[in-house]
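A.B. asks: Quick check, what structure comes out for this input:
(one chain, ligands or ions: 1)
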Amino acid sequence: MSNILRVGVAGLGTVGAALVSQVLQQREALIARCGRAIEVVAVCARSKAKERGISLKKMAWFSDPVQLARADGIDVFVELIGGAGGPTKQAVEAALASGKSVVTANKALLAEHGMRLAALAEKHHAALNFEAAVGGAIPIVKTIREGLAGNSFARIYGILNGTCNYILTKMEEENLPFEDCLTEAQRLGYAEADPTFDIEGHDTAQKLAILASLAFGTRVEQRAIYVEGISSIQPADLAAADELGYRVKLLGVAVKTPNGIEQRVHPTMVRKDSSIAQVMGVTNAVTVDAEGIDPLTLVGPGAGGAATASAVLADIGDIARGVRTAPFGRPTAGLGPVRKLPMQRHEGGYYIRLMARDKPGTAATIATRLAEQDISMESIVQRHPAGAPAGKGGPVPVILITYATTEDAVRKALAAVGRDRVISGRPQVIRIEKN
Ligand SMILES: NC(=O)c1ccc[n+]([C@@H]2O[C@H](COP(=O)([O-])OP(=O)(O)OC[C@H]3O[C@@H](n4cnc5c(N)ncnc54)[C@H](OP(=O)(O)O)[C@@H]3O)[C@@H](O)[C@H]2O)c1
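C.D. replies: Residues are numbered from 1 along each chain as shown. Down below sits the predicted model:
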């Protein structure tokens with residue numbers, strides 16, 4: 001067949017190897033759907049000798065991804081190496097500069113260089129597709145960019161990191177501390193040996209930067225995102241959340257406010273009956289609040305070789321069909337600036353857990369400090385540990401839920417409470433997301 005789409009795959013790890021085998025398995029279905037065959041004609045990885053469970057016999061081997069990207073014999077360059085710089089970036093740039101379409105699953109590359117790469121793709125009339133970079137197999141990029149191209153967005157939020165959701169789920173279900181659940185996640189291969197990037201929220205931030213750009217027509221700007229991870233969450237918070245009708249999730253949230261697009265990643269209390277709260281374990285989910293429709297939640301596997309490769313293959317399928325969409329949904333010149341909104345101006349409800357000294361007047365002092373900042377309380381629960389007599393001066397957990405207020409007010413009130421010496425330790429503060 002003369003009009004075969006010739007694909008070069010750089011990176012034959014978890015996703016790359018799965019992609020090569022899916023292209024073979026889906027050959028007939030792809031011909032039927034795209035009207036032409038898709039073939040992997042060349043591949044690239046570091047080690048040629050490594051056993052990958054796939055036959056590479058009919059494929060040309062490259063040890064340099066930049067050379068593969070420039071090779072005449074391919075129409076599409078698929079980047080599945082990872083990393084934002086080095087040969088990965090050079091290879092993607094080389095492919096686009098030579099007019100080849102690129103498919104990648106690399107959120108780090110897009111979060112850092114998305115704008116430059118999209119402009120390069122535009123200049124050379126090439127596609128730059130990256131469905132797999134956010135939410136693995138969940139078709140959220142296409143949903144926002146194409147499926148909802150006629151809607152304007154108010155807010156988009158999601159569970160974008162399976163490691164964090166696994167840890168929070170395990171902590172909640174088994175009443176275990178964070179560290180134990182992290183160790184278990186590492187044992188199961190859900191968390192890296194160095195888990196910082198995931199648990200401190202940076203992986204979620206990279207994905208949110210991409211989604212925010214798609215939804216709000218702004219430039220991809222990871223530095224515009226406020227980021228807070230999950231390592232300070234304790235089983236006591238999850239138990240209190242449960243009693244109050246909430247669940248705690250690490251969410252990436254991008255929301256339109258009168259001051260601009262607020263982008264933030266932090267542990268978040270969501271109502272237990274909301275769609276996003278049902279998402280447990282390593283599963284990912286994204287909820288889209290768009291004008292004219294009820295909130296739409298897409299749920300699915302956010303990682304894994306086969307799941308991620310399926311999104312990569314769908315992107316290749318678009319290129320085979322001749323479909324080329326502006327990478328971020330509009331010409332790059334039309335993408336607006338985005339700036340980091342100060343978190344002090346964030347408005348919403350708050351969960352606050354304090355360890356209050358069990359002395360007369362403590363509750364009144366706390367209430368006064370909150371009232372001074374015009375913070376109204378939805379609920380206050382003070383709980384003596386089981387069996388402990390009240391009034392003995394030991395710390396007692398006090399759990400407060402506020403009505404909508406500002407972060408600035410909460411911080412000021414808690415600083416004043418701290419100065420009053422009626423609490424011990426640092427207060428725990430978790431933002432509540434309306435949903
Ligand atoms: N894994 C997932 O579930 C998942 C989900 C969503 C998105 N992604 C994204 O998909 C991409 C690939 O992830 P992965 O998990 O498949 O990674 P991986 O298993 O670590 O595989 C990376 C591959 O790149 C090759 N490679 C590394 N440096 C290279 C170089 N300088 N030149 C040529 N080849 C090089 C490696 O070669 P050797 O095999 O010879 O060492 C390996 O085959 C990343 O951007 C990741 O963020 C992954």
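
A.B. asks: Please determine how far the residue of the chain found nearest the ligand is located from residue 230.
C.D. replies: Nearest residue of the chain to the ligand: residue 13, at 1.9 Å (C-beta to the nearest ligand atom). (Each C-beta comes from the backbone N, C-alpha and C, glycine too.) As for residue 13, its distance to residue 230 is 27 Å (criterion: C-beta to C-beta, to the nearest Å).

A.B. asks: try residue 406
C.D. replies: From residue 406 over to residue 230 the distance is 23 Å, taken as C-beta to C-beta.

A.B. asks: rewinding a little: could you give the number of residues near the residue of the chain closest to the ligand?
C.D. replies: Using other C-beta atoms under 10 Å, residue 13 has 15 neighbouring residues.

A.B. asks: Next up, phi/psi of the closest residue to it other than its chain neighbours, please.
C.D. replies: Sequence neighbours aside, residue 80 is the residue nearest to residue 13 in space, at 6.9 Å (criterion: C-beta to C-beta, 6 or more residues apart in numbering). Per-residue torsions, residue 80: phi -130, psi 40 (degrees, to the nearest 10).

A.B. asks: Now for residue 80: which residues touch it?
C.D. replies: Each residue near residue 80 by C-beta atoms under 8 Å, 6 or more residues apart in numbering is listed here: 9, 10, 11, 12, 13, 15, 16, 19, 104, 105, 106, 312.

A.B. asks: mind listing what the second one touches?
C.D. replies: When you say that, I think you mean residue 10. Counting by C-beta under 8 Å, 6+ apart, residue 10 touches 16, 43-45, 62, 65, 68-69, 77-81, 91.

A.B. asks: By neighbour count, which of those residues wins?
C.D. replies: Among those, residue 78 has the most neighbours (other C-beta under 10 Å), with 33 neighbours.

A.B. asks: Would you mind confirming that that residue is in contact with residue 106?
C.D. replies: No: taking C-beta atoms under 8 Å as the definition, residue 78 is not a contact partner of residue 106, at 10.5 Å.

A.B. asks: Quick one: mean pLDDT for the host helix or strand of residue 115?
C.D. replies: Counting by DSSP states H and E, the element that carries residue 115 is helix 107-123. Averaged across helix 107-123, pLDDT comes to 98.

A.B. asks: how about the CA coordinates for it, as CSV?
C.D. replies: The C-alpha trace of helix 107-123 is given here as CSV (Å, rounded to 0.1, in the frame of the first residue of the first chain):
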residue,chain,number,x,y,z
LYS,A,107,3.8,16.4,30.0
ALA,A,108,7.2,17.6,31.3
LEU,A,109,8.2,18.7,27.8
LEU,A,110,4.9,20.3,27.0
ALA,A,111,4.7,22.1,30.4
GLU,A,112,8.1,23.6,29.8
HIS,A,113,8.3,24.1,26.1
GLY,A,114,4.7,23.6,24.9
MET,A,115,4.4,27.1,23.5
ARG,A,116,7.6,27.1,21.4
LEU,A,117,6.9,23.6,20.1
ALA,A,118,3.3,24.5,19.2
ALA,A,119,4.6,27.5,17.3
LEU,A,120,7.1,25.4,15.5
ALA,A,121,4.4,22.8,14.6
GLU,A,122,2.3,25.7,13.2
LYS,A,123,5.1,27.2,11.2
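
A.B. asks: so does stretch 134-143 get close to the ligand?
C.D. replies: Yes: contact of stretch 134-143 with the ligand (C-beta under 6 Å from any ligand atom) involves residue 136.

A.B. asks: contacts for that stretch?
C.D. replies: Stretch 134-143 is contacted from outside by 107, 130-131, 133, 158, 160, 207, 210-211, 214, 284-286, 288, 296, 298-304, 307-308, 310-311, 314, using C-beta under 8 Å, 6+ apart.

A.B. asks: among those residues, which are within reach of the ligand?
C.D. replies: 107, 303, 304, 308.

A.B. asks: For the second one, which three-state class applies?
C.D. replies: Three-state call for residue 303 (DSSP: H, G, I helix; E, B strand; the rest coil): coil.

A.B. asks: Quick check: it vs residue 107, distance?
C.D. replies: When C-beta to C-beta is the yardstick, residue 303 and residue 107 sit 11 Å from each other.
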